[in-house]
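Student: Quick one, fold the following:
(one chain, ligands or ions: 2)
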Amino acid sequence: MSEIFASIPKIKYEGKNSRNPFAFRFYNPDEIIDGKPMREHLKFAMSYWHTLCAEGTDMFGRATSDKSFGGKDPLDIYKKKADAGFELMDKLSIDYFCFHDRDIAPEGATLSETNAYLDEMADYIASLMKKTGKKLLWGTANCFNHPRYMHGAGTSPYADVFAYAAAQIKKAIEVTVKLGGSGYVYWGGREGYETLLNTDMGLELDNMARLLRMTSEYGRKIGFKGDFYIEPKPKEPTKHQYDFDAATVIGFLTKYKLDEFKLNIEANHATLAGHTFAHELAVARINGRFGSIDANRGDMLLGWDTDQFPTDVYDTTLAMIEVLRAGGFTNGGLNFDAKTRRGSFTPEDIFHAYISGMDAFALGFRVALALREDGTIDKFIADRYSSWKSGIGVDIISGKATIEDLEAYVLSKGEVLDSVGSGRQEYLENVLNSVLFNL
Ligand code: XUL
Ligand code: CO
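Tutor: Numbers count the residues shown, from 1 in each chain. Ligands and ions are numbered 1, 2, ... in the order given. Have a look, this model is predicted:
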């Protein structure tokens, strides 16, 4: 197989003082930290769609880059994409990848023709996986691009479209199982609505639950042992995406008793919902639904899903604190659902982008561990809630104290303002900076 990114070397760790643009400064894949190699803590994944398919188009302009990688006919192009992807993962020491069904194979005129292409490409990818040891973090189905899904897939008003989506997801799960995927993602592409003037929201949500149940049960039936994830997003493409944020999705999953679903939290989706990335991770964690991460960032001044590579170390640190609190990744990982800007159109740009994102998360991880080691923040939080460890706090938690007891307690104690301490936010922000800039 000829080298596709011939001008780009294998990216090595050179330490924080390196100025080599094709080197890692913080990500040292085989360095043992906290009992295992960094690569196993971070579980970086390449997104097939942005990396090997997206060519820089936007609403105002055509492609600025060519992702055919020298391929000629459709199948050949998809094989070259796979070759390029595996070379890129090798050069960047990325162990995992994620894809939509339509990223890895061309679409045929009929579902059976499309499925035949998928089978051929799945075999091809399986052989590359065997050769390189790379693994599938998760698969998914693209049920939003084709015009049949213009009003949604599982939430389409049309039963035929629901049936088509079910058939498509069935196949996508089969391919995921065949490639040993440790996860399967449902991002509600066009599962939402524009106006209640034409929408039966109750039926649409019931149907979405039906699709999730039917397809996930099928996955278990054919031996899928990984995690099912829902990926929340508040808007875009529809005005009201049903999977608005982590809390909304958890309410939905609870209502429909879809107990085994976890969440795939995306940074830019969190900010579009008016939350921080860390908030969404914390909501998933405290509900036992933390699963995987789509790593990227938005732009403070833009209100859409810009899918930029993450470079903000505060953000990656706060996210990695949450990952550590959740006990780290099991089946999940850090998938770069991120793309280079339209103007960054060369292969080198893709490598610069991954290096920056991987280093930002590696540094965030190191800082999060150093903060845990330092202990100031954890101790502050523990002390702040210490009144729940004795006296009236314990009686409230255990259920021993009645409302009458609480009234009697307050009547005898008098004003409680003296029990209230400072939140010390500015001090804690300074602790964070001290640790970050002392590494
Ligand atoms: C869209 C998005 C998707 C999902 C997978 O905003 O994040 O790429 O991650 O369908
Ligand atoms: Co995503």
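
Student: Give me the local confidence score for the residue of the stretch 1-150 of the chain found nearest ligand 1.
Tutor: In the stretch 1-150 of the chain, the residue that lies nearest ligand 1 is residue 140 (4.9 Å; C-beta to the nearest ligand atom). For the C-beta atoms, the positions are set from N, CA and C on the backbone; glycine is no exception. Among the per-residue scores, residue 140 holds a pLDDT of 99.

Student: again, but for residue 355
Tutor: On pLDDT, residue 355 comes in at 99.

Student: Hmm, it is touching residue 11, no?
Tutor: Yes: under the criterion of C-beta atoms under 8 Å, residue 355 is in contact with residue 11, at a separation of 6.2 Å.

Student: buried sites along the host helix or strand of residue 86?
Tutor: Mapping residue 86 onto the secondary structure by DSSP states H and E places it in helix 74-92. Using 16 or more other C-beta atoms under 10 Å as the burial criterion, the residues of helix 74-92 that qualify are 77-89, 91-92.

Student: Other residues contacting it?
Tutor: Outside of helix 74-92, the residues within contact range by C-beta atoms under 8 Å, 6 or more residues apart in numbering are 1, 3-5, 8-11, 44, 46, 48, 51-53, 67-71, 94-95, 97, 104-106, 117, 120-121, 124-125, 128, 131-132, 134, 350-351, 354-355, 358.

Student: Residue 272: neighbour count?
Tutor: One way to gauge burial is a neighbour count; for residue 272, by other C-beta atoms under 10 Å, it gives 23.

Student: where's the nearest residue to it once chain neighbours are set aside, which helix or strand?
Tutor: Computed as C-beta to C-beta, 6 or more residues apart in numbering, the closest residue to residue 272 that is not its neighbour in sequence is residue 234, at 5.2 Å. For residue 234, there is no helix or strand it lies in under DSSP H and E.

Student: so who does residue 234 touch?
Tutor: Under the criterion of C-beta under 8 Å, 6+ apart, the contact list for residue 234 reads 241, 244-245, 269, 272-274.

Student: pLDDT value on the most centrally placed residue in the chain, please?
Tutor: When the chain is reduced to its mean C-alpha position, the closest residue under C-alpha atoms, centre = their mean turns out to be residue 294, at 2.2 Å. At residue 294 the predicted local distance difference test score is 99.

Student: quick revisit: which of the contacts of helix 74-92 count as buried?
Tutor: Among the contacts of helix 74-92, those buried by neighbour count (16+ other C-beta under 10 Å) are 4-5, 8, 11, 44, 46, 48, 51-53, 67, 69, 71, 94-95, 97, 104-105, 117, 121, 124-125, 128, 134, 350-351, 354-355, 358.

Student: list the contacts for residue 114?
Tutor: Contact analysis of residue 114 by C-beta under 8 Å, 6+ apart lists 105-108.

Student: Check those residues against residue 203 and report the nearest one.
Tutor: Distance to residue 203, by C-beta to C-beta, is smallest for residue 107 among the contacts of residue 114, at 29.0 Å.

Student: contacts with ligand 2 among the buried residues of helix 74-92, please.
Tutor: The residues of the buried residues of helix 74-92 that also fall near ligand 2, by C-beta under 5 Å from the ion, amount to none at all.

Student: near ligand 2, which residues of this protein?
Tutor: Proximity of the chain to ligand 2 (C-beta under 5 Å from the ion) is limited to residues 266, 294, 337.

Student: okay if I get these as TSV plus secondary structure and distance to residue 383?
Tutor: What follows is those, written out as TSV (DSSP: H, G, I helix; E, B strand; the rest coil; distance: C-beta to C-beta, whole Å):
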residue	secondary structure	distance to residue 383
266	strand	34
294	strand	35
337	coil	38
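
Student: now stretch 134-144, how far from the centre of its chain.
Tutor: 12 Å (C-alpha atoms, centre = their mean, to the nearest Å).

Student: By residue count, what's the longest helix in the chain?
Tutor: Residue-count comparison of every helix in the chain, with assignments taken from DSSP state H, identifies helix 347-374 as the longest.

Student: Now that one: buried residues?
Tutor: In helix 347-374, residues buried by neighbour count (16+ other C-beta under 10 Å) are 347, 350-369, 371-372, 374.

Student: Of the contacts of residue 114, which pair is most distant in space?
Tutor: With distance counted by C-beta to C-beta, no two of the contacts of residue 114 lie farther apart than 105 and 108, which are 8.9 Å apart.

Student: which residues do these two both contact?
Tutor: When contacts are counted by C-beta under 8 Å, 6+ apart, residue 105 and residue 108 are jointly contacted by 114, 117.

Student: Excluding residues flanking it in the chain, which one is nearest residue 424?
Tutor: Spatially, and ignoring its direct neighbours in sequence, residue 424 is nearest to residue 380 (6.8 Å; C-beta to C-beta, 6+ apart).

Student: avg pLDDT for the helix or strand that contains the one you found?
Tutor: Using DSSP H and E, residue 380 maps to helix 376-384. For helix 376-384, mean pLDDT is 98.

Student: No further queries at this time; thank you.
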